[in-house]
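**Q** What follows is a predicted protein model with its sequence.
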Protein chains: 2
Amino acid sequence: MEIKYAVIGTGAIGGYYGAKLAQHHKDVHFLLHSDYDHVKSYGLKIESCDGNFELEQPNIYHDIAEMPKCDVVLVALKTTHNEILKDYLPQITHRDSIVIMIQNGLGVEHDLVNWLPNLNVCGALAFIAATKIGKGLIKHLDLGRIMIGTYNFECNKMLLRAISDFNESGIPAKLSNNLQRARWEKLVWNIAFNGPTVVLNTLTDQLMLNEFSRKMVYDLMLEVIKGAQAVGVGLEQTYADKMMAMTDKMKPYAPSMKVDFDHHRAMEIRYIYTVPIEVARASGYHMKKVELIEKQLYFIANK
Amino acid sequence: MEIKYAVIGTGAIGGYYGAKLAQHHKDVHFLLHSDYDHVKSYGLKIESCDGNFELEQPNIYHDIAEMPKCDVVLVALKTTHNEILKDYLPQITHRDSIVIMIQNGLGVEHDLVNWLPNLNVCGALAFIAATKIGKGLIKHLDLGRIMIGTYNFECNKMLLRAISDFNESGIPAKLSNNLQRARWEKLVWNIAFNGPTVVLNTLTDQLMLNEFSRKMVYDLMLEVIKGAQAVGVGLEQTYADKMMAMTDKMKPYAPSMKVDFDHHRAMEIRYIYTVPIEVARASGYHMKKVELIEKQLYFIANK
């Protein structure tokens, strides 16, 4: 059985993982919009810290209606575009298809299953530094592993086969039995830095250097950890100290939301802020400081 | 007994009240810095909605050491300069002098008595719209009443005489027996709008029009009201609704902190944010959202 893959959202993440699979002779079908003509003519190029490569003639589509039914759909859209999946996914999936949501934040699987209850949905967290630096050109800077967890179905042969395909293609992939925990762990850092760098128009290092914003960042982390605890994810307070120490060692960094804001793109406020706030509150914990940042972000987004 | 008045901080507020008193033949002594030479030559001018007037030769001083001992000292400095009072006030007060702190926020009297325990200190809230629009030139736009309350001494003849002088001079002045409540009431609006207009670089109307920032502003008000309740000031939640309705009717407005920020002047973060947060917390209520704004303001102030 050869798995047919679809990549929806051929940015840095989707483009990289899809290209790695295709490079290793997996059957991958990419949906492209603005880059379609360029990739049709010049192919898809990956400048990777593990060695550059390119796909001269990848299977690319400009129109979702022309794509084949696929067994595994990798969704690597910005979450701000997720509503389009209501229309897209039914066109390229069959009864046994698996949709893997490689996205940040909390609640993307929940919304998707709410829209399309019959889908088999996985969540995934990608630990990778990659950027699309031009049309059909992706720069892979570091890391690359991916952690995949089922959301509404039991792990099956198709999923195991996909994970095996990933590993055969040079992508360290693992099945997680605690995706929820992994998502909350990632939220600790994401909530503390994504919004504040936008609201205060700064980078991570400046927030760490000023004693007041440093306290703010730390307080936000503690709130997220308490939120995680409220929903039953046993994160420890020391995780915040670990994240602080890690960030102290980082070079000045613009989190993805700051990059989106600077490029006048929509910010992923809903899944990084709103849903975690709602989920924690439904379990009895009100992340008040996080909520204030959320409100400020929506104000800025609507300015 | 004629009262000798000193005005420390001859900006819009101090200048206006001092000039009103002097216009009505009270004995007023003004400390001036940058405007000294100008006022020496051209006098002090008030463009007032109640009728323009000017003092041709007010008693002005460039050096605190040259001022006489005064009976009543009106302090109308920006609170960010209050530390200078440690040095100033002992030079111009006698044993029975009264110092009236006409300033925003919470805790100015507490700090002053902490520095100079023997002073007789009053707090005051000015309900006035006035701006210094040029050297020795103050524009009085609206209102003017002042509410004065004793902080660390029993109301005495000198204070009553001063209040009477105010009223004789066309300044509606009242003794308050609940200055604490008046200060917290004013904080409800000041905390909700001063910081957010700076952090989000906007004016009051924009915060009211956007559904998210509107919610943020309202949540901040509710936190301040809960803070007030924690310290025993019986503010009702409906006071927030009243302030929202009032602000809805206002023209687009830059609160004083936003004006200070835009003019690269120090912001009054300590008495409008830090002290109220500390005072409420000491009484068991943590104003978390207010604290987040406070941290953001200190970050911005130190940028």
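**A** Received it, and whenever you're ready, just let me know what you need. Numbering: from 1, shown residues only, chains lettered A, B, ... in the order given.
**Q** Give the closest residue to the most centrally placed residue in chain A in space, chain neighbours not counted.
**A** Geometric centre of chain A, nearest residue: A:Gln103, 2.1 Å, by Cα atoms, centre = their mean. What sits nearest to A:Gln103 in space, not counting adjacent residues and going by Cβ to Cβ, 6 or more residues apart in numbering or on different chains, is A:Thr79, at 5.2 Å. Bear in mind the C-beta positions are built from the backbone N, C-alpha and C, glycine included.
**Q** Over to A:Val121?
**A** Leaving out its chain neighbours, the residue that sits closest to A:Val121 by Cβ to Cβ, 6+ apart is A:Tyr151, at 4.4 Å.
**Q** And for A:Gly43?
**A** According to Cβ to Cβ, 6+ apart, the nearest residue to A:Gly43 is A:Glu56 (4.5 Å).
**Q** Do I have it right that that neighbour meets A:Lys45?
**A** No. Using Cβ atoms under 8 Å, A:Glu56 makes no contact with A:Lys45, being 9.7 Å away.
**Q** Show me which residues of chain A sit near chain B.
**A** Neighbours of chain B within chain A, by Cβ under 8 Å from any Cβ of the partner chain: A:196, A:199-200, A:202, A:206-207, A:210-213, A:215-216, A:219, A:288-289, A:291-296, A:298-300, A:302-303.
**Q** hmm, try it at 7 Å
**A** A:199-200, A:210, A:212-213, A:215-216, A:288-289, A:292, A:295-296, A:298-300, A:302 (Cβ under 7 Å from any Cβ of the partner chain).
**Q** Taking those, tell me the two that lie furthest apart.
**A** Pairwise distances across the residues of chain A next to chain B (Cβ to Cβ) peak at 28.4 Å, for the pair A:Lys215 and A:Asn302.
**Q** okay, those two: which has more neighbours?
**A** Neighbours per residue (other Cβ atoms under 10 Å in any protein chain shown) separate A:Lys215 from A:Asn302, with A:Lys215 holding more: 16 against 12.
**Q** quick one: that one from A:Lys242, how far?
**A** Per Cβ to Cβ, to the nearest Å, A:Lys215 is found 17 Å from A:Lys242.
**Q** Then A:Met158?
**A** In this view, A:Met158 and A:Lys242 are 36 Å apart by Cβ to Cβ.
**Q** So for those two, which residue has more residues nearby?
**A** A:Met158 (17 against 14).
**Q** Could you give the backbone dihedrals for the residue nearest to the centre of chain A?
**A** Dihedral angles of A:Gln103 (phi, psi; degrees, to the nearest 10) stand at phi -140, psi 160.
**Q** which stretches of chain A form strands?
**A** Here chain A has its strands, by DSSP state E, at A:4-8, A:27-31, A:44-48, A:53-55, A:59-61, A:70-75, A:93-102, A:120-134, A:137-150, A:173-175.
**Q** In TSV, list the ones you listed along with mean neighbour count.
**A** Formatted as TSV, the strands of chain A follow (neighbours: other Cβ atoms under 10 Å in any protein chain shown):
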stretch	mean neighbour count
strand A:4-8	26
strand A:27-31	23
strand A:44-48	21
strand A:53-55	16
strand A:59-61	18
strand A:70-75	25
strand A:93-102	19
strand A:120-134	19
strand A:137-150	19
strand A:173-175	16
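**Q** can I get the ones you listed in a markdown table with mean pLDDT and distance to B:Arg183?
**A** Below are the strands of chain A laid out as a markdown table (pLDDT from 0 to 100; distance: least, Cβ to Cβ, whole Å):
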| stretch | mean pLDDT | distance to B:Arg183 |
| --- | --- | --- |
| strand A:4-8 | 98 | 57 |
| strand A:27-31 | 98 | 60 |
| strand A:44-48 | 97 | 61 |
| strand A:53-55 | 98 | 68 |
| strand A:59-61 | 98 | 66 |
| strand A:70-75 | 98 | 54 |
| strand A:93-102 | 98 | 51 |
| strand A:120-134 | 94 | 49 |
| strand A:137-150 | 95 | 53 |
| strand A:173-175 | 97 | 58 |
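**Q** Spit out the contact partners of the residue nearest to A:Pro196 when sequence neighbours are not counted.
**A** Nearest residue to A:Pro196, sequence neighbours excluded (Cβ to Cβ, 6+ apart): A:Leu207, at 5.9 Å. Going by Cβ atoms under 7 Å, 6 or more residues apart in numbering or on different chains, A:Leu207 touches A:Phe193, A:Pro196, A:Thr197, A:Ser213, A:Arg214, A:Val217.
**Q** 8 Å instead, please
**A** Applying Cβ atoms under 8 Å, 6 or more residues apart in numbering or on different chains to A:Leu207 gives the contacts A:Phe193, A:Pro196, A:Thr197, A:Leu200, A:Ser213, A:Arg214, A:Met216, A:Val217, B:Phe299.
**Q** what about A:Val233, how many neighbours?
**A** Counted with other Cβ under 10 Å, A:Val233 comes out at 17.
**Q** hang on, isn't it packed against A:Arg181?
**A** Yes. A:Val233 lies in contact with A:Arg181 (Cβ under 8 Å); the separation is 4.9 Å.
**Q** What segments of the stretch 151-300 of chain A are helices?
**A** A:157-168, A:179-199, A:204-209, A:211-230, A:238-249, A:256-262, A:269, A:275-282, A:288-302 (DSSP state H, counting those that start in this stretch).
**Q** Mean pLDDT added to the ones you listed, as TSV?
**A** Formatted as TSV, the helices of the stretch 151-300 of chain A follow (pLDDT from 0 to 100):
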stretch	mean pLDDT
helix A:157-168	98
helix A:179-199	96
helix A:204-209	98
helix A:211-230	98
helix A:238-249	96
helix A:256-262	95
helix A:269	98
helix A:275-282	98
helix A:288-302	98
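**Q** In CSV, list those along with distance to B:Ser41.
**A** What follows is the helices of the stretch 151-300 of chain A, written out as CSV (distance: least, Cβ to Cβ, whole Å):
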stretch, distance to B:Ser41
helix A:157-168, 82
helix A:179-199, 47
helix A:204-209, 46
helix A:211-230, 44
helix A:238-249, 57
helix A:256-262, 51
helix A:269, 57
helix A:275-282, 60
helix A:288-302, 48
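**Q** how about these, which one is nearest B:Val72?
**A** helix A:211-230 (37.5 Å).
**Q** Dump that closest one to PDB, restricted to CA.
**A** Backbone C-alpha positions of helix A:211-230 (Å, rounded to 0.1, in the frame of the first residue of the first chain) are rendered in PDB as follows:
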ATOM      1  CA  GLU A 211      12.900  43.800  34.900                       C
ATOM      2  CA  PHE A 212       9.200  44.700  34.500                       C
ATOM      3  CA  SER A 213       8.500  43.000  31.200                       C
ATOM      4  CA  ARG A 214      10.600  40.000  32.400                       C
ATOM      5  CA  LYS A 215       8.200  39.800  35.400                       C
ATOM      6  CA  MET A 216       5.200  40.100  33.000                       C
ATOM      7  CA  VAL A 217       6.500  37.300  30.800                       C
ATOM      8  CA  TYR A 218       7.100  35.100  33.800                       C
ATOM      9  CA  ASP A 219       3.600  35.800  35.200                       C
ATOM     10  CA  LEU A 220       2.100  34.900  31.900                       C
ATOM     11  CA  MET A 221       3.900  31.600  31.900                       C
ATOM     12  CA  LEU A 222       2.700  30.900  35.400                       C
ATOM     13  CA  GLU A 223      -0.900  31.600  34.300                       C
ATOM     14  CA  VAL A 224      -0.600  29.200  31.400                       C
ATOM     15  CA  ILE A 225       0.800  26.500  33.700                       C
ATOM     16  CA  LYS A 226      -2.100  27.000  36.100                       C
ATOM     17  CA  GLY A 227      -4.400  26.900  33.100                       C
ATOM     18  CA  ALA A 228      -2.800  23.600  32.000                       C
ATOM     19  CA  GLN A 229      -3.100  22.200  35.500                       C
ATOM     20  CA  ALA A 230      -6.800  23.200  35.600                       C
END
